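> For reference, the sequence and a predicted model appear below.
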Amino acid sequence: MKWVANDIDMYLGAKEYVDTVVLPLFPISFGDDIKQTTSMTEFISLLSIQLERQFKGRILMLPGYTYLKNNSDDVLVDDIKRWEAEFQNQKFNHVFYLTSDSDWRSREESFDGTLIWLPSLPLESMDEKYRNSILEDQVQQLIHLFVKKWQNND
Amino acid sequence: MSKQRVTRRQFLNYTLTGVGGFMAAGMLMPMVRFAVDPVLQHNAAGDFVVTDKKISDLTNEPVRVDFTFDQKDAWYTSEVTNTAWVYKDENGEVIALSPICKHLGCTVDWNKDKANPEHFYCPCHGGLYTKDGTNVPGTPPAAPLDVYPYKEVDGYLALGKAEPRKEA
Ligand code: FES
């Protein structure tokens, strides 16, 4: 389910079925890496749309956490911890973070949720057919990951 | 989610019937269209989308067919990809099923779950459907999978808008 009124109504009526929350992490920078952060953000947001469509009934796809890429590790980790505390309050069994920003990999042990890191692909330079099939591939991998995680905990 | 659209379509139908006759409709349509154009477009005259699947290539085994079309959502046009599971039944009749689980809307897969071969399986809460789309009692979904109306266009499969199956 997405963070839109209709879906949230559905969520409120079926909470016990929605045990998974996904928070995409979107880096923003205006410096030299402005283009990289753009494609990371673009790539992850496209993927999250597809992923949400696959698992509409079981995951809550949040609009995403947008942060300044040059923030210190401490600030970012603290923030994520606060999110995580809230997810726990809300009784989500599975918490996933989805990002292309590799900086998160070194921060991963500081929090409990599962970090899924996917290197962003230069989608803008691909023609549409190719782009879709690449995305589709990535989504299949994600699906696999999610299903596996669910099976291990069920 | 589509509740609103249906209501709008019904509204339009009533309006058209009420006014009656081609003349009135002919006059009214452009005006109505002008007013609610984007909302209306999406439902325009049973639009079928031609897929890249040849009808003659279909077998008894459901295959995944993706098809893309432009969807107008208010004033924005976006490209939407839909998926159908398509096969021919014993009588050679084409069956095209929507992959959207009737429980809470996840996407079902054919023959993917090892414990449930030859079924449509929903990975979210274990929803099951038989090959013809009928929900298996005891699993969460309470209705069969929606069915796409289809047409043949130059040998290729064309699909309309998925509809709930009438009989339970
Ligand atoms: S969404 Fe398919 S079983 Fe719940």
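Great, that's in hand. Numbering: from 1, shown residues only, chains lettered A, B, ... in the order given.
> The longest strand anywhere in chain A pairs with which strands, parallel or anti?
Longest strand of chain A, by residue count under DSSP state E: strand A:20-28. Using DSSP bridges, the strands paired with strand A:20-28 are strand A:59-61 (parallel), strand A:65-68 (parallel), strand A:94-99 (parallel).
> who wins for proximity to the ligand among those?
If you check each of these against the ligand by C-beta to the nearest ligand atom, strand A:59-61 wins as the nearest, at 10.5 Å. Bear in mind the C-beta positions are built from the backbone N, C-alpha and C, glycine included.
> contact partners of that closest one?
Identification of contacts with strand A:59-61 by C-beta atoms under 8 Å, 6 or more residues apart in numbering or on different chains yields A:1-3, A:11, A:18, A:20-22, A:24, A:48, A:51-52, A:92, A:146.
> can we see that at 10 Å?
Applying C-beta atoms under 10 Å, 6 or more residues apart in numbering or on different chains, the external contacts of strand A:59-61 come out as A:1-3, A:7-8, A:11, A:15, A:18-24, A:48-49, A:51-53, A:55, A:87, A:90, A:92, A:94, A:96, A:98, A:146, B:106, B:124.
> and chain B, which residues reach the ligand?
B:101, B:103-106, B:122, B:124-125, B:127, B:140-141 (C-beta under 6 Å from any ligand atom).
> run the last query once more with 8 Å
B:101-106, B:108, B:122-127, B:139-141 (C-beta under 8 Å from any ligand atom).
> Give me the nearest residue to residue A:83, chain neighbours excluded.
Setting aside the residues directly before and after it, residue A:83 is nearest to residue A:23 in space (C-beta to C-beta, 6 or more residues apart in numbering or on different chains), at 6.4 Å.
> who's in contact with the one you found?
A:48, A:60-65, A:80, A:83-84, A:87, A:95-99, A:113.
> Give the bridge partners for it, please.
Here residue A:23, judged by DSSP bridges, has bridge partners residue A:97.
> swap in residue B:87?
The partner residues for residue B:87, given DSSP bridges, come to residue B:95.
> wait, what's in contact with it?
B:58-63, B:93-97, B:110, B:131-132.
> cool, residue B:126 as well?
Counting by C-beta under 10 Å, 6+ apart, residue B:126 makes contact with A:154, B:103, B:113, B:115-116, B:136, B:138-141.
> Where does it fall, secondary structure wise?
Using DSSP states H and E, residue B:126 sits within no helix or strand.
> Got phi/psi on residue A:134?
phi -60, psi -50 (degrees, to the nearest 10).
> Near chain A, which residues of chain B are found?
Residues of chain B that fall close to chain A, judged by C-beta under 10 Å from any C-beta of the partner chain: B:1-4, B:66, B:68, B:79, B:81, B:83, B:99-107, B:109, B:112-113, B:122-127, B:140-141.
> Show me where chain A has its helices.
Secondary structure of chain A (DSSP state H): helices located at A:5-13, A:34-54, A:73-89, A:104-107, A:128-153.
> The nearest residue to residue B:145 once chain neighbours are set aside: neighbour count?
Nearest residue to residue B:145, sequence neighbours excluded (C-beta to C-beta, 6+ apart): residue B:133, at 3.7 Å. Residue neighbour count, defined by other C-beta atoms under 10 Å in any protein chain shown, stands at 21 for residue B:133.
> The lowest-mean-pLDDT helix or strand in chain A and the ligand, are they touching?
The weakest-scoring helix or strand in chain A, judged by mean pLDDT, DSSP states H and E, is helix A:128-153 (a mean of 89). No: using C-beta under 8 Å from any ligand atom, helix A:128-153 never reaches the ligand; the gap is at least 12.0 Å.
> Just send the contacts of residue B:87 back as TSV, with secondary structure too.
Below are these laid out as TSV (DSSP: H, G, I helix; E, B strand; the rest coil):
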residue	secondary structure
B:58	coil
B:59	coil
B:60	coil
B:61	coil
B:62	coil
B:63	strand
B:93	coil
B:94	strand
B:95	strand
B:96	strand
B:97	strand
B:110	strand
B:131	coil
B:132	coil
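> Now the two most distant members of the residues you listed.
B:93 and B:110 (17.8 Å; C-beta to C-beta).
> helix or strand for residue B:158, which one?
Using DSSP H and E, residue B:158 sits in strand B:156-159.
> who touches that strand?
Here strand B:156-159 has contacts from B:47-58, B:65, B:67, B:69, B:82, B:84, B:86, B:94, B:96, B:98, B:148-152, using C-beta under 10 Å, 6+ apart.
> secondary structure class for the closest residue to chain A within chain B?
Using C-beta to the nearest C-beta, residue B:104 is the residue of chain B that sits closest to chain A, at 2.6 Å. When classified by three-state DSSP, residue B:104 comes out as coil.
> which ones are touching it?
By C-beta under 10 Å, 6+ apart, the residues touching residue B:104 are A:1, A:10-11, A:13-14, A:17-18, A:55-58, B:122, B:124-125, B:127, B:140-141.
> Wait, the residue nearest to residue B:145 touches residue B:101, no?
No: judged on C-beta atoms under 10 Å, residue B:133 makes no contact with residue B:101 at a distance of 11.1 Å.
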